[in-house]
Structures are given as structure tokens and as C-alpha cells.
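J.: Pasted the sequence and its predicted model underneath.
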Amino acid sequence: MFIMTMLSWKSPKLTTRTLSLAAFLIALNVILGKLSVGSESLVKISFGFIGTMLLGYFLGPWLGGVAKILYDLIANTLLATSSQFFIGFTLTAFISGVIAGMFLHDQKITWQRLAAYEVVQMLVTNIFFNTLWIHVLYHAPWAALLAVRGPKNLIMFPIEVILGLMILRSVARLNLSVTDQR
């Protein structure tokens, strides 16, 4: 029961303001995701995690998940550069948005919350699902994939927590809300 109260299970009401913010955050996520280094078929380092955190923070789990689906479709079909579209990665994108919304929407942003969010996000989406899809697509051995993808996630963990903490606390200080009527 303690875990259930620590997580948000609701998303804001679907309004014009919410849709406009979602469109902006999806575009931001696409741009940050395209600023990357590495191979999309093995290890890719980008700032897309910032966009995912912001989607979860503002849109909650369900709208955040839907926004991540739209992000994936735009980034990997309309704006695809080298990778092919694969529906498994779209499922992972949805799960990523849901996890971000559960941990970050309507919650006080602390380093402990960000660390817990990052652990769950990395284990579920990066280590398990994305490794599974790469294995399915390229028939690469699990052990070899984990030997490369595991250390990358360990290195990125503190970076993502620190940057996420700085950005989300700055956004929280602005006291912005999808429901504000200014």
C-alpha cells in the first residue's frame, strides 16, 4: 500500500491547454532524442530522458504514455534517420511514459524519487524491453547485449538523476500546471 501512495495514477483532464503542452513536450522529446551519440541498434546516449521526465511530470502516466507513443511514431517513421520502425519499441515508449508519470506527476521532486524512478525506468525499459527488442531484431546474444547496455545504464544513472533533479526542481519552482487558468 505504501508504494501505491508514492505513485500517481491519474493524468490531467484533456483540455486544449493540455493538448498544446503535450504537443510542445512531444516536439521537445523528439529534438532531445535526436541529439544523440552511438548506435540505435546497440547503445545510444541522448538527452531524450529529459523530455520523458517532463512528459511524465506534466501529463501523468496515461497521457504521458500516449504522448510517448506519438513521440515514437514521429521520431521513428516521419523523422527516421537510420533505424527501422519496430512496434516493440513503441510499446516500450508507452511503458516509459507511464513509469515517468507514475513517479513524477503531482509529486514532490526529491533525489530519492528521481533515483527510484531512474532505477525502475532503466531496469524495465532500457535493460529489459529495449534489450529484448534488439535481441529479437538482430539475433544478438543476451549476455553480449547486457555486457554493453548494463554499464552504459550504470554510467548514465547519476547523470540522469542529477540533471533530472536540476531541471524538474527548476520547473517546479515556476509553479506551472496544466490546470492553471492565467
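T.: Here it is on my side, so go on. Numbering: from 1, shown residues only.

J.: and the longest helix anywhere in the chain, what's its mean pLDDT?
T.: Ranked by residue count under DSSP state H, the longest helix found in the chain is helix 142-173. Averaging pLDDT along helix 142-173 gives 94.

J.: Please apply the same query to stretch 31-46.
T.: Along stretch 31-46, the predicted confidence averages to a pLDDT of 78.

J.: Pick out the residue closest to the middle of the protein.
T.: Centroid-nearest residue in the chain: residue 52, 3.3 Å away (criterion: CA atoms, centre = their mean).

J.: didn't that residue look like it was pressed against residue 98?
T.: No - look at residue 52 against residue 98 with CB atoms under 8 Å: they stay out of range, at 10.7 Å. Every C-beta, even on glycine, is put in place using the N, C-alpha and C of the backbone.

J.: rewinding a little: list the contacts for the residue nearest to the centre of the chain?
T.: Neighbouring residues of residue 52 by CB atoms under 8 Å, 6 or more residues apart in numbering: 29, 68, 96, 97, 100, 121.

J.: go again using 7 Å as the cut-off
T.: By CB atoms under 7 Å, 6 or more residues apart in numbering, the contact list for residue 52 reads 29, 68, 96, 97, 100.

J.: Pipe those into JSON lines and attach neighbour count per row.
T.: Output for those, formatted as JSON lines (neighbours: other CB atoms under 10 Å):
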{"residue": "29", "neighbour count": "28"}
{"residue": "68", "neighbour count": "30"}
{"residue": "96", "neighbour count": "27"}
{"residue": "97", "neighbour count": "29"}
{"residue": "100", "neighbour count": "30"}
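
J.: Tell me the one of the residues you listed nearest residue 58?
T.: For residue 58, the nearest member of these is residue 100. The distance, counting by CB to CB, is 10.0 Å.

J.: host element of the residue nearest to the closest one when sequence neighbours are not counted?
T.: Excluding the flanking residues, the one nearest residue 100 by CB to CB, 6 or more residues apart in numbering is residue 56, at 2.5 Å. In this assignment (DSSP states H and E), residue 56 forms part of helix 48-73.

J.: Quick one: residues in contact with whatever helix or strand comes next after that helix.
T.: Toward the C-terminus, helix 48-73 is succeeded by helix 87-104 as the next helix or strand (DSSP H and E). Counting contacts by CB under 7 Å, 6+ apart, the residues outside helix 87-104 that touch it are 7-9, 11, 52-53, 55-57, 59-62, 64-65, 67-69, 71-73, 76, 113, 116-117, 120-121, 124-125, 129-130, 133, 136, 168.
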